[in-house]
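A.B. asks: model this:
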Amino acid sequence: LAAFRERFERAGGSADIGRPAAPGRSPLAELLAHAARSSLHAAIPALGSTQSAAGAPAGELKSLRYFGSTWSRLSLEQQLSQALARAPDNAGPLNSHFLVLQALIRMRDIAPQYLENLMSYADALLWLDLADPGKGAGQKGGAQKAAVRKTRRKAQG
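C.D. replies: Residues are numbered from 1 along each chain as shown. I've put the predicted structure just below:
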């Protein structure tokens, strides 16, 4: 160790870089403690919440946030374009599909962030509905089953 210190000092280095290690602690333990202190100081402004002031999780990269918002906007525009392509032809003024599409278009123009949140919420609800094993797409509700039975009875009788 002494020979290494001599060579280090001859090379122009200083033997006392930083503060000396605490007795009984390895340099790796000191480094880990320093990293923990640094991350704690960086997280202090966001201790009250898990998100920063910009609405992103604490520690999220700016570029990741930018690309995430861009991807979200593009996905939203694609979904809206697909919905508009499936719009009914010659729909009346009270057609529910047409009214929803008009509301979404106006919402995109007036409050695009609200539309993104609404579509995200609707996607999550759709995913939960499809993921429910007790409620498959092929299953029918009680009212639908009763209606099917009545029509079968009329056809048979």
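A.B. asks: In this protein, where's the longest helix?
C.D. replies: The longest helix of the chain (DSSP state H) is helix 62-85.
A.B. asks: What is that helix packed up against?
C.D. replies: For helix 62-85, the packing partners by 3 or more C-beta pairs under 8 Å, 6 or more residues apart in numbering; DSSP states H and E come out as helix 96-110, helix 112-131. Bear in mind the C-beta positions are built from the backbone N, C-alpha and C, glycine included.
A.B. asks: Figure out which of these is closest to Ala11.
C.D. replies: For Ala11, the closest of those is helix 112-131, at 57.5 Å, according to C-beta to C-beta.
A.B. asks: which parts of the closest one are buried?
C.D. replies: Neighbour counts over helix 112-131 (16 or more other C-beta atoms under 10 Å) mark 115-116, 119 as buried.
A.B. asks: Just the closest of those residues to Gly24, please.
C.D. replies: Nearest to Gly24 among the buried residues of helix 112-131: Glu116, at 54.3 Å, using C-beta to C-beta.
A.B. asks: give me the low-pLDDT residue ranges for this structure?
C.D. replies: Applying pLDDT under 70 to the chain flags the ranges 13-23, 39-59, 135-157.
A.B. asks: one more time with 50
C.D. replies: 15, 18, 46-53 (pLDDT under 50).
A.B. asks: re earlier: dump the buried residues of helix 112-131 to JSON lines, plus distance to His34.
C.D. replies: Output for the buried residues of helix 112-131, formatted as JSON lines (distance: C-beta to C-beta, whole Å):
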{"residue": "Leu115", "distance to His34": "45"}
{"residue": "Glu116", "distance to His34": "40"}
{"residue": "Met119", "distance to His34": "44"}
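A.B. asks: and the gap between Leu125 and Ala103?
C.D. replies: As judged by C-beta to C-beta, to the nearest Å, Leu125 and Ala103 stand 17 Å apart.
A.B. asks: Name the nearest residue to Arg108, sequence neighbours excluded.
C.D. replies: Leaving aside its sequence neighbours, Arg108 sits nearest to Leu115 (C-beta to C-beta, 6 or more residues apart in numbering; 5.2 Å).
A.B. asks: does that neighbour really touch Ile105, like I thought?
C.D. replies: No. Using C-beta atoms under 8 Å as the test, Leu115 is too far from Ile105 to be in contact (9.5 Å).
A.B. asks: Can you tell me what sits against stretch 1-15?
C.D. replies: Stretch 1-15 is contacted from outside by no residue at all, using C-beta atoms under 8 Å, 6 or more residues apart in numbering.
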